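Asker: pasting the sequence and the predicted coordinates here, then a few questions.
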Amino acid sequence: MPVGTSWGRWPRYEQRIFALGSRFDPLPGYAPMLAFGNGRSYGDVCLNEGGTLLATRGLDRFVHFDPDSGVLECEAGVMLSDIIALTLPHGWFPPVTPGTALVTVGGAIANDVHGKNHHRAGSFGHHLLSFELRRSSGQMLPCSPTHNSDWFAATLGGLGLTGLICTARLQMRRVPGPWIAGDSQRFGSLDEFFALARQSDTEYEYTVGWLDCAASGSRLGRGIFMRGNHVEHHAPPPRTGSLRIALTPPLSPVNNLTVRLFNELYFRRPAAAQRHALWHYKPFLYPLDGLLEWNRLYGPRGFFQYQCALPPDAAATALPEMLRVIAGARQGSPLVVLKQFGSMPSLGWLSFPRPGVTLALDFPNRGVVTLRLLEALDAITRAAGGAVYPAKDARMSAGSFQQYFPAWKRLQDYMDPQFSSSFWRRVTRSE
Ligand SMILES: Cc1cc2nc3c(=O)[nH]c(=O)nc-3n(C[C@H](O)[C@H](O)[C@H](O)COP(=O)(O)OP(=O)(O)OC[C@H]3O[C@@H](n4cnc5c(N)ncnc54)[C@H](O)[C@@H]3O)c2cc1C
């Protein structure tokens, strides 16, 4: 069996790959099965050790697009980048998009992904009109918020466990073009971040913070806040191609020294404080998509991402505690995102977004010391009543998962008996 992995490049599992070429293809029946989108989840939510992965990138057909209403129907293997290429010339954009456009519609539904506009637009599921779910029995279930609504809520954020999503209908949002205008500014503390988020969330579609995770003492919680809105602007898109990291370095260049140096320069660079900024949507929304296979930079052992959500009341104390633990451990990376979630309740039973603040950071995999650090962060998240994002996880304990997502038992009744994942087996085993 071939060895497969996900974006964090850890863990690596042997699994059978069955490539679907059409939504009408029969399923192979080698259980346990699991749909695989574009592997942009960081851990094992899209892996199935010893089982079968249904590769869905062949489900890449558009079924219908109405340029008047902005309603799009497509197969589940279509990527957001393909959707943008089709709809943006007509003035329509995905209403919610994660920090990479290289995800499939099926993956976006199964993790109920969120973007920099969660405070305004909620998550992917809030714009999902309907989808078709294929069960291993052959049954095709049409699902929407009003029809088979329990299947809709189980499958949205349902981690691919209820069956194969074949097609989806989405309501796109109107935009005047590919440009985003706004500003960026430095903040010196978490209190300043919260004040900026409060001030900006009514006026700006997109808001996001970058945090210096190596900063400690009086610099703890410093970072850069960016905000923007789609605007009408007539200029050709910047001519930037993609670069590719072609080799995995034997040792990761991401270490305490390089992170400190990079963060200092990044924080101080003039573009960190721009009163009037104009960005093409690609560098603003998808800054890493121009560097293909950047995940190799973490070396042969791969890396972990830790993304948690902390409730509003607990965030002011839990966040600085986390940052102190991370700075003390000297294990972070420059990729740290801080974002205020809005209060719109998620529609999926296991959806991750919830009111409060979300912090996401990458850590090179240094084995047991990194696992210990992540467990220490989990202890803070658990005590704060928060949650860790399954799409980014490869190691949380069953106890943590079950505390974060109490609806997991409800999902069990809707799981396809032939579907499972490495993630699910890990987080539902008895400890
Ligand atoms: C650089 C980067 C930035 C990111 N930023 C964000 C962000 O801002 N917000 C956010 O929410 N996420 C973010 N992510 C995570 C990413 O959006 C999710 O992990 C997304 O689900 C990946 O989609 P995929 O198509 O690669 O699916 P995969 O990772 O291959 O699979 C994800 C899940 O979807 C299921 N699945 C896939 N296709 C189907 C199908 N047809 N039917 C049923 N189940 C299916 C799989 O079984 C699996 O459980 C980011 C990832 C990267 C690499």
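Answerer: Happy to help now that I have it.
Asker: what's the closest non-adjacent residue to S130?
Answerer: S144 (3.8 Å; C-beta to C-beta, 6 or more residues apart in numbering). C-beta here means a position set from N, CA and C on the backbone, and glycine is covered the same way.
Asker: count of residues packed around the residue in the stretch 251-400 of the chain that the ligand sits nearest to?
Answerer: Of all residues in the stretch 251-400 of the chain, A391 sits closest to the ligand, at 3.7 Å by C-beta to the nearest ligand atom. By other C-beta atoms under 10 Å, the residues close to A391 number 26.
Asker: can you tell me the closest non-neighbouring residue to it?
Answerer: Nearest non-adjacent residue to A391, counting by C-beta to C-beta, 6+ apart: N111, 4.2 Å away.
Asker: run a quick neighbour tally on the one you found.
Answerer: Neighbours around N111, by other C-beta under 10 Å: 30.
Asker: could you measure from it over to S22?
Answerer: For N111, the distance to S22 equals 24 Å [C-beta to C-beta, to the nearest Å].
Asker: and what of L319?
Answerer: From L319 to S22 the distance is 47 Å (C-beta to C-beta).
Asker: what about the two, which has more around it?
Answerer: Using other C-beta under 10 Å, the more surrounded residue of L319 and S22 is L319, with 23 against 11.
Asker: hmm, back to that, ok, the residue nearest to A391 to the ligand distance?
Answerer: Per C-beta to the nearest ligand atom, to the nearest Å, N111 is found 4 Å from the ligand.
Asker: before we move on, what about T202?
Answerer: In terms of C-beta to the nearest ligand atom, T202 sits 21 Å off from the ligand.
Asker: what does S130 give?
Answerer: Taken as C-beta to the nearest ligand atom, the span from S130 to the ligand is 14 Å.
Asker: in the sheet, who's paired with that residue?
Answerer: R169 (DSSP bridges).
Asker: for it, which residues are in contact?
Answerer: Applying C-beta atoms under 8 Å, 6 or more residues apart in numbering, one finds that S130 lies in contact with P142, C143, S144, H147, F152, A168, R169.
Asker: taking those residues one by one, which sit in helices?
Answerer: F152 (DSSP state H).
Asker: quick check: the two most widely separated of the contacts of S130?
Answerer: H147 and A168 (14.0 Å; C-beta to C-beta).
Asker: the two: who's more crowded?
Answerer: Between H147 and A168, counted using other C-beta under 10 Å, the more crowded position is A168 (25 against 11).
Asker: my guess is the more buried one meets G125, correct?
Answerer: No: the pair A168 and G125 does not pass the contact test of C-beta atoms under 8 Å, sitting 10.5 Å apart.
Asker: quick check: neighbours shared by the two?
Answerer: Common neighbours of A168 and G125, counting by C-beta under 8 Å, 6+ apart, are I109.
Asker: once you drop chain neighbours, what's closest to L288?
Answerer: W294 (5.7 Å).
Asker: give me the number of residues near the one you found?
Answerer: Neighbours around W294, by other C-beta under 10 Å: 15.
Asker: G356 touches A387, doesn't it?
Answerer: No: counting by C-beta under 8 Å, G356 does not reach A387; the two are 9.4 Å apart.
Asker: give me the pLDDT value at S430.
Answerer: Confidence at S430, expressed as pLDDT, is 81.
Asker: which residue is the nearest non-sequential neighbour of it?
Answerer: In space, S430 is closest to A398, 7.2 Å off (C-beta to C-beta, 6+ apart).
Asker: give me the number of residues near that neighbour?
Answerer: Neighbours around A398, by other C-beta under 10 Å: 15.
Asker: I'd guessed it sits against R425; true?
Answerer: No: no contact is recorded between A398 and R425 when judged using C-beta under 8 Å, the distance being 9.7 Å.
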